[in-house]
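**Student:** Sequence and predicted structure, then a few things I'm wondering about:
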Amino acid sequence: MSGHSKWAQIRRSKGVNDARRGQLFTRLGREIVVAVREGGGGDTNANFRLRMAVQRARDANMPMDNIERTIKRALGGSDGSSLSENTYEGYGPGGTAMLVSTLTENRNRTVAEVRNAFNRNGGNMGENGCVDWLFEAKGILEVELQGHDADELTLEAIDLGADDVDPVGADDEVITIYTDPGDLEKIRQELDAKKYNVLKAESSMLPKTRMEINDEKVAHQVMRLVEKLEDLDDVQNVYTNADFPEEFAASYEG
């Protein structure tokens, strides 16, 4: 497992305070609104993008009442009509690559805030195309093992069309499966039908190659930049090619 992935798990296990939870719900609400607008309506059975957005909201413990109200507002036509999706690129500490995806009603404000976060935290914002070629779109499924044989599940996933599966350690309780984004929902449904517990299914941007960070100070600087970017109201996701030992993630204090 990459250090970056491990760091993300450690952060989730620590939980979030009320302010950050509210910010997260706002971010997830925007994602739902755009999914309704761009994905074809408010029916999760017919709108794959909305289904994934709702699943992420539920994973974050967003109340179902909030989710349903957000979908109804989006169906009203005006909510989210001025939101635009933009991706910014740049470099973090140690020459690491960063992709920052945003949803915003004010592009000028967002550009200024993203650039400021880079500049204040050891990075610099780049031109369009400077690092996006280092990443590729992938579907990611996390499946609970629950006593299932990891090798058997791996073979089943590959047979269903998965591109790759992470190796599983002796103490791991979850297996991570990678797919073409277009196959994500099909494979999720097939695994559900086989009674596997799919904990997460989402599209992401993964680095084609990772940059190993062997200096703990630099690793912590990368983590701090990612956190500062993620704290911005208009930022939906931050992707990086940074990879570092799990102990660097565990020792990060923020």
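**Tutor:** On my side now, so go ahead. Model, not experiment: these values are computed from the prediction. Numbering: from 1, shown residues only.
**Student:** quick one: the strands in the stretch 51-200 of the chain?
**Tutor:** Taking DSSP state E, counting those that start in this stretch as the test, the strands found in the stretch 51-200 of the chain are 84-91, 97-104, 124-125, 135-144, 164-165, 174-179, 197-207.
**Student:** Please export the alpha-carbon coordinates of the last one; CSV is fine.
**Tutor:** Extracted as CSV, the C-alpha positions of strand 197-207 are listed here (Å, rounded to 0.1, in the frame of the first residue of the first chain):
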residue,chain,number,x,y,z
ASN,A,197,-19.5,-6.2,0.6
VAL,A,198,-18.4,-3.3,-1.6
LEU,A,199,-17.4,-0.6,0.8
LYS,A,200,-16.5,2.0,-1.9
ALA,A,201,-16.8,2.5,-5.6
GLU,A,202,-15.5,5.7,-7.2
SER,A,203,-13.6,7.2,-10.1
SER,A,204,-10.2,8.7,-9.4
MET,A,205,-7.0,9.9,-11.0
LEU,A,206,-4.1,7.6,-10.2
PRO,A,207,-0.4,8.3,-11.0
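**Student:** Mean confidence (pLDDT) on it, please.
**Tutor:** Across strand 197-207, the average pLDDT comes to 87.
**Student:** Give me whichever of the strands of the stretch 51-200 of the chain is most buried.
**Tutor:** Most buried of the strands of the stretch 51-200 of the chain, by mean neighbour count (mean count of other CB atoms under 10 Å): strand 97-104, with a mean of 22. From N, CA and C alone the C-beta is placed, and that goes for glycine too.
**Student:** Where does pLDDT dip in the stretch 51-200 of the chain?
**Tutor:** Filtered on pLDDT under 70, the stretch 51-200 of the chain yields the residue ranges 77-81.
**Student:** Dump the strands of the stretch 51-200 of the chain to JSON lines, plus distance to residue 36.
**Tutor:** As requested, the strands of the stretch 51-200 of the chain are exported to JSON lines (distance: least, CB to CB, whole Å):
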{"stretch": "strand 84-91", "distance to residue 36": "14"}
{"stretch": "strand 97-104", "distance to residue 36": "13"}
{"stretch": "strand 124-125", "distance to residue 36": "31"}
{"stretch": "strand 135-144", "distance to residue 36": "21"}
{"stretch": "strand 164-165", "distance to residue 36": "32"}
{"stretch": "strand 174-179", "distance to residue 36": "24"}
{"stretch": "strand 197-207", "distance to residue 36": "17"}
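**Student:** Nearest to residue 58, out of these?
**Tutor:** Closest approach to residue 58 among the strands of the stretch 51-200 of the chain is made by strand 197-207 (10.4 Å; CB to CB).
**Student:** Neighbouring strands - and their directions - for the helix or strand just after that closest one?
**Tutor:** Counting by DSSP states H and E, the next helix or strand C-terminal to strand 197-207 is strand 211-212. Strand 211-212 pairs in its sheet with strand 242-243 (parallel), by DSSP bridges.
**Student:** other SSEs contacting the longest helix along the chain?
**Tutor:** Longest helix in the chain by number of residues, with DSSP state H as the criterion: helix 18-39. With contacts defined as 3 or more CB pairs under 8 Å, 6 or more residues apart in numbering; DSSP states H and E, helix 18-39 has these neighbours: helix 48-59, helix 64-75, strand 97-104, strand 235-240.
**Student:** For burial, what's the neighbour tally of residue 241?
**Tutor:** Residues within reach of residue 241, counting by other CB atoms under 10 Å, total 22.
**Student:** Identify the residues contacting stretch 123-132?
**Tutor:** Contact with stretch 123-132 is made by 87-93, 97-99, 114-115, 117-119, 225, as judged by CB atoms under 8 Å, 6 or more residues apart in numbering.
**Student:** now do 6 Å
**Tutor:** 89, 90, 91, 92, 97, 115, 118, 225 (CB atoms under 6 Å, 6 or more residues apart in numbering).
**Student:** What is the nearest of these to residue 48?
**Tutor:** Minimum distance to residue 48 across those is 26.6 Å, recorded for residue 89 (CB to CB).
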